[in-house]
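Undergrad: this one's sequence-less:
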C-alpha cells in the first residue's frame, strides 16, 4: 500500500476530549474517524487490524467445533417477547416499526436468534452439543459512550452460542471456550488479561466470567486478592469487613437542619461516615407498587447488581414524591412505608451507636443500636467491596484495580430455550430444553485494548500478529532518483514475496516520515537513504524495542523472515 493513496490523515493534535491513549493515537494515526457520539468509521488501517483479530478468533472458534453463521440484525418483536426480554431490556435497545406497523428491534445480542435458528433444525439429543457463532455489527444506545472504541454504541462482535443436554456437558465445553479465549488474547499480543467472575446482567444465567485487560483507563472495577489470585468484578465481589465495635450508645433525636448528605450530617454532628447509616431507595421496573429501601453504613457504596439479584427484577432510583419518605432524613428506626421491601447491608452488623435519619424533616437519631433499636431479621451483602477489606478465601487484604472488559462467557441454563419452546428428545423418550452457553468478544474493543496496552509516548506499537502491515518502507530524500528507484524496486520485490508493506512514497521530510512511522506503530521500519545506498544496505528498526540493524540488500528477505514471526 502506498501511503500517498491511503485514506486517513496523520494529525499532530489529540482529538478534543480524548483521555485514553488508544483514542488519541488511533485518531491521530489515521485509524479511526468519529461520525457521532459512540459511532466511528474504521479507516483502512484499523479495518486491517480488525480483520486480523477476527481471523484469530475464527481460527480458535473453529478449533473447538464452532460453526460460523450470520443472524439477522433486525428481529421481530415476537422473538424477544418469547424470551421476555422485549419488556425487560431498557432504552439501550433500539425499537422501531416497519412500514406495515410491525414492531421490530435492532439486535444488540442474539440469544433469541440462536434459539430461533435451532427450532425445527435440532430435535434429538444426538445433535448436541453444538456451537454456532457469528461476526456482526451491533448497536446499543449506551448512555455513556467514551474513550474512543473502548465504549461505543455501534460495534462489531463475535458472539457464539452452544447447546447441551446436561449441565456437566455445558461445563466441559465452557472450559474449552474459556481456554480458547485465553489463546485469542495471547495471540493478539495482550499481556495483562485476567479472567474475573462477574454478574450475568441482562443475559441471565447463574455463572458468568469476564476477561479484563488491566489498565488504569478501564471503567470496570476489579477486586483482586494478591495471595490466592481470586478476582471478581466489583458487581459480584465479596469480602470480610472489619467488625464494628459493638459499643452501645444512647438513642437521641437531634436537630440537624438542612444537613442531608452523609458529609453534611457528619460535619454537623462531628461524626465519621462509618458511624452513620444511609438509605437508598429504588423502584422496581415493571411493578410500580414495589418500593425497595436499602440501608448500609455511611462509608459504603450500594452495589446495584447485588441488590437487583436479591430483588429478582430490574431496579431504578425511586422518585420519593408521594411516598412519605423524606430525602436526607430516611432512617431505619420506626420506618413505616406500606409495601416497602427493606434490606440491611452486612456493613451494619454490630453497629450499636450510629446516626440515622429520624424520618422527620430536619432531624436525625444518634446513638442508634442495630440489635436494640432496629432488630433486622437478617443482613445481606448489597455493598461494594472496598480496598483493604479481607479476602473471604485466604484473609489477605484485597486490591482494587481497573480494567477494560474485552470478552465474556455465560452459562445460561434454559433461560431462552424453555420460554421459546426448544426441546430435544432423549434416549428414554423424554424431552428436555437444551442448556445454553454464550460467548462474546468485542472486536473493536480488542483493537483499542491492544492499542492502549502496547502504545508508548511516540504512538502505537502493534504486535506482529495483528499489525495492519508488517513493514513501513521509508525512503529518505525520495527526490533523489537513486533512492526513489531503489525504493520502488524494493517495494515491488517485498510485495511479490508476500510481505505486507506500507510504502511511504511521499515527498515529505525525514522527520515527518520517521515520526509518522512511529505514530502508526508498524512493527518493522526499513529506511533507504543516500547513505545506506552507498553501503549497499538498508536500516531496519524494530518499533517495539527500538533496536536498529543494517542489513545488506542480498540478505534482506532472509532477515525479514527471521524478524516477522508470530
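TA: Cool, got the structure. Here the structure is a predicted model, which means the values were calculated and not measured.
Undergrad: mind checking pLDDT for residue 203?
TA: Residue-level confidence at residue 203 comes out at 54, pLDDT.
Undergrad: repeat for the one 10 residues further on
TA: If you check residue 213, the pLDDT there is 93.
Undergrad: from what I can see residue 79 touches residue 113, true?
TA: Yes: with contact defined as CB atoms under 8 Å, residue 79 reaches residue 113; the gap is 7.0 Å. All C-beta atoms are positioned from the backbone trio N, CA, C, and that covers glycine.
Undergrad: Now for the two: what residues contact both?
TA: Counting by CB atoms under 8 Å, 6 or more residues apart in numbering, no residue touches both residue 79 and residue 113.
Undergrad: in a helix, that's where residue 157 is, yeah?
TA: No: looking at residue 157 with DSSP: H, G, I helix; E, B strand; the rest coil, it is strand, so not inside a helix.
Undergrad: Show me the beta-bridge partners of it.
TA: residue 136, residue 442 (DSSP bridges).
Undergrad: Enumerate every residue touching it.
TA: Residue 157 neighbours (CB under 8 Å, 6+ apart): 135-136, 138, 440-443.
Undergrad: Tell me the spacing between it and residue 110.
TA: 9 Å (CB to CB, to the nearest Å).
Undergrad: which residues do the two both contact?
TA: residue 136.
Undergrad: So what are the sheet partners of whichever strand or helix holds residue 279 and their directions?
TA: Assigned by DSSP states H and E, residue 279 falls within strand 277-284. Partners of strand 277-284 in the sheet, by DSSP bridges, are strand 287-297 (antiparallel), strand 315-317 (antiparallel).
Undergrad: With residue 325 as the reference, name the closest of these.
TA: strand 287-297 (7.8 Å; CB to CB).
Undergrad: ok, and for that closest one, which residues are buried?
TA: Neighbour-count burial for strand 287-297 flags 290-297 (criterion: 16 or more other CB atoms under 10 Å).
Undergrad: Check which helices and strands the helix or strand just after that strand is in contact with.
TA: Downstream of strand 287-297, the next assigned helix or strand under DSSP H and E is helix 304-311. Secondary-structure packing of helix 304-311 (3 or more CB pairs under 8 Å, 6 or more residues apart in numbering; DSSP states H and E): strand 277-284, strand 287-297, strand 315-317, strand 340-344.
Undergrad: Next, the angle from the first one to strand 340-344.
TA: It stands for strand 277-284. Using axes from the mean of the first three to the mean of the last three CA atoms, to 10 degrees, the inter-axis angle of strand 277-284 relative to strand 340-344 is 140 degrees.
Undergrad: now strand 277-284 against helix 304-311, angle please.
TA: Going by the same axes, to 10 degrees, strand 277-284 makes 60 degrees with helix 304-311.
Undergrad: What is the distance between strand 277-284 and the centre of its chain?
TA: 27 Å (CA atoms, centre = their mean, to the nearest Å).
Undergrad: pLDDT averaged over it - what is it?
TA: 93.
Undergrad: What lies in contact with it?
TA: 262, 290-298, 302, 307, 311, 313-320, 323, 325, 330-332, 348, 351, 354-357, 368.
Undergrad: Neighbour-wise, give me the winner out of the contacts of residue 157.
TA: residue 441 (29 neighbours; other CB atoms under 10 Å).
Undergrad: from what I can see that residue touches residue 155, true?
TA: No: under the criterion of CB under 8 Å, residue 441 is not in contact with residue 155, lying 10.8 Å apart.
Undergrad: Show me what the longest strand along the chain is packed up against.
TA: Assignment by DSSP state E gives strand 399-413 as the longest strand of the chain. In terms of contacts (3+ CB pairs under 8 Å, 6+ apart), strand 399-413 is packed against helix 167-188, strand 193-197, strand 207-214, strand 220-224, strand 435-442, helix 443-454.
Undergrad: ok, now with 10 Å
TA: strand 154-164, helix 167-188, strand 193-197, strand 207-214, strand 220-224, strand 231-233, strand 435-442, helix 443-454 (3 or more CB pairs under 10 Å, 6 or more residues apart in numbering; DSSP states H and E).
Undergrad: Contacts only, for residue 73.
TA: 105-108, 110, 113, 136-139 (CB atoms under 10 Å, 6 or more residues apart in numbering).
Undergrad: Can you give me the buried ones in stretch 66-82?
TA: 66, 71, 75, 79-80, 82.
Undergrad: of all those residues, which comes closest to residue 183?
TA: Distances from residue 183 to these, taken by CB to CB, are shortest for residue 66, at 13.5 Å.
Undergrad: Spit out the contact partners of residue 179.
TA: 60, 64.
Undergrad: what's the spacing between it and residue 431?
TA: For residue 179 relative to residue 431 (CB to CB), the value is 32 Å.
Undergrad: Hmm, residue 177 is touching residue 60, no?
TA: Yes: between residue 177 and residue 60 a contact is recorded at 9.2 Å, counting by CB atoms under 10 Å.
Undergrad: hey, what's in contact with both of those two?
TA: By CB under 10 Å, 6+ apart, the residues touching both residue 177 and residue 60 are residue 66.
Undergrad: And residue 91, its phi and psi?
TA: Note on residue 91: its backbone torsions stand at phi -70, psi -10 [degrees, to the nearest 10].
Undergrad: Find the residue closest to it in space, skipping its chain neighbours.
TA: The shortest distance from residue 91 to any non-neighbouring residue, by CB to CB, 6 or more residues apart in numbering, is to residue 141 (6.2 Å).
Undergrad: Same check on residue 151?
TA: Using CB to CB, 6+ apart, the nearest residue to residue 151 is residue 145, at 5.5 Å.
Undergrad: Show the pLDDT at that neighbour.
TA: Looking at residue 145, the pLDDT reads 86.
Undergrad: begin at 20 from here
TA: From this message on, residue numbering opens at 20, which makes the last subject residue 164.
Undergrad: Run a quick neighbour tally on it.
TA: Residue 164 has 19 nearby residues by other CB under 10 Å.
Undergrad: Wait, it touches residue 158, no?
TA: No: counting by CB under 10 Å, residue 164 sits too far from residue 158 to count as a contact (11.4 Å).
Undergrad: Now list whatever residues contact both of the two.
TA: Common neighbours of residue 164 and residue 158 (CB under 10 Å, 6+ apart) are 57-58, 171-173.
Undergrad: Adding pLDDT and neighbour count, write those residues out as JSON lines.
TA: Listed next are those as JSON lines, based on pLDDT from 0 to 100; neighbours: other CB atoms under 10 Å:
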{"residue": "57", "pLDDT": "93", "neighbour count": "21"}
{"residue": "58", "pLDDT": "95", "neighbour count": "13"}
{"residue": "171", "pLDDT": "93", "neighbour count": "23"}
{"residue": "172", "pLDDT": "94", "neighbour count": "19"}
{"residue": "173", "pLDDT": "94", "neighbour count": "18"}
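Undergrad: which one of these is nearest residue 411?
TA: Once CB to CB is applied, the member of these that ends up nearest residue 411 is residue 171, at 35.6 Å.
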